[in-house]
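**Student:** show me the folded form of this:
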Amino acid sequence: MAEDSRSVVKSVKNRIVSTVKGVGEITDAVVDTVSGSLINAVKRTGQMGTALTVAISEVVHGAVQGVAEIGADIGSAAKGVVIGVLRGTKEVGGEALDAVSATAAAVVKSTAEVGGDLGSAAKGAIEGAIAGAKTLGLSTEEAASAAATGALKAAGEIGSAAAAQVRNAVTGTIAGVKVVLKEPFRSEKKN
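**Tutor:** Numbers count the residues shown, from 1 in each chain. Okay, here's the model as predicted:
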């Protein structure tokens, strides 16, 4: 399975690099690549639940690596990643808000791995959740909250500085939607 995972990540990364270099528009290129890759990954395994979360993580990881390789804007890419995952999740019948939370978490973790701006990535993920929710007829507030909560949870696993950076980026109103963080993400340790 580890070899399959590496091949998904590498495939998505290469598709992002070649597509963005070809068209230059990061958000749309990421949406299409992520959506198609997620659908293929889920159909290949034929499983949902944990398998969907693993597929999301692999696809997001590859997308963020590709974006980092070409030096594209991580916020725009994160927006495209979440929209792409929502489209793919709709296609395979997954739970949208769980997918949004898992995607935002994977975006933050993958961005940290490539040394990217966590605040920009988290904010972009929320913008993607809002845009994707609008097109799918979901609650924009719930989607924004799911994305913010997933991003903050992942940042907390990285460290207190990462959690503070993400919390600052996701607090307030984003794309016209008031973002509400779900508990229990208050830091237990104050550094």
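**Student:** so what's residue 123 up against?
**Tutor:** Residue 123 makes contact with 75, 78, 169, 170, 174, according to Cβ atoms under 8 Å, 6 or more residues apart in numbering. In this view, the C-beta of every residue, glycine as well, is placed from N, C-alpha and C.
**Student:** how about the helices in this structure?
**Tutor:** For the chain, the helices defined by DSSP state H occupy 2-23, 26-45, 50-70, 74-92, 96-113, 118-136, 140-158, 160-170.
**Student:** I'd say residue 89 and residue 52 touch.
**Tutor:** Yes: Residue 89 is in contact with residue 52 according to Cβ atoms under 8 Å; the separation is 7.2 Å.
**Student:** if we can go back for a sec, top of the contacts of residue 123 by neighbour count?
**Tutor:** In terms of neighbours by other Cβ atoms under 10 Å, the contacts of residue 123 top out with residue 78 at 36 neighbours.
**Student:** pLDDT wise, what is the residue nearest to that residue when sequence neighbours are not counted at?
**Tutor:** Closest residue to residue 78 apart from its sequence neighbours, by Cβ to Cβ, 6 or more residues apart in numbering: residue 124 at 3.2 Å. At residue 124, the pLDDT value in this model is 96.
**Student:** with residue 25 instead?
**Tutor:** pLDDT, residue 25: 71.
**Student:** how about residue 13?
**Tutor:** Confidence score, pLDDT, at residue 13: 87.
**Student:** what sits against it?
**Tutor:** Residue 13 touches 62, 63, 65, 66, 69, counting by Cβ under 8 Å, 6+ apart.
**Student:** show me what contacts the second one?
**Tutor:** By Cβ under 8 Å, 6+ apart, the contact set of residue 63 is 12, 13, 16, 30, 33, 34, 77, 80, 81, 84, 110.
**Student:** run through this structure and note the low-pLDDT ranges.
**Tutor:** The chain contains residues with pLDDT under 70 at 1-5, 21-24, 45-49, 183-191.
**Student:** surely residue 10 meets residue 58?
**Tutor:** No: taking contacts as Cβ under 8 Å, residue 10 lies outside contact range of residue 58: 9.9 Å.
**Student:** more crowded one of the two?
**Tutor:** More crowded of residue 10 and residue 58, by other Cβ under 10 Å: residue 58, with 23 against 15.
**Student:** what about the closest residue to residue 110 other than its chain neighbours, how many residues close to it?
**Tutor:** Counting by Cβ to Cβ, 6+ apart, residue 110 lies nearest to residue 64, which is 3.7 Å off, once chain neighbours are set aside. Residue 64 has 30 neighbouring residues, counting by other Cβ under 10 Å.
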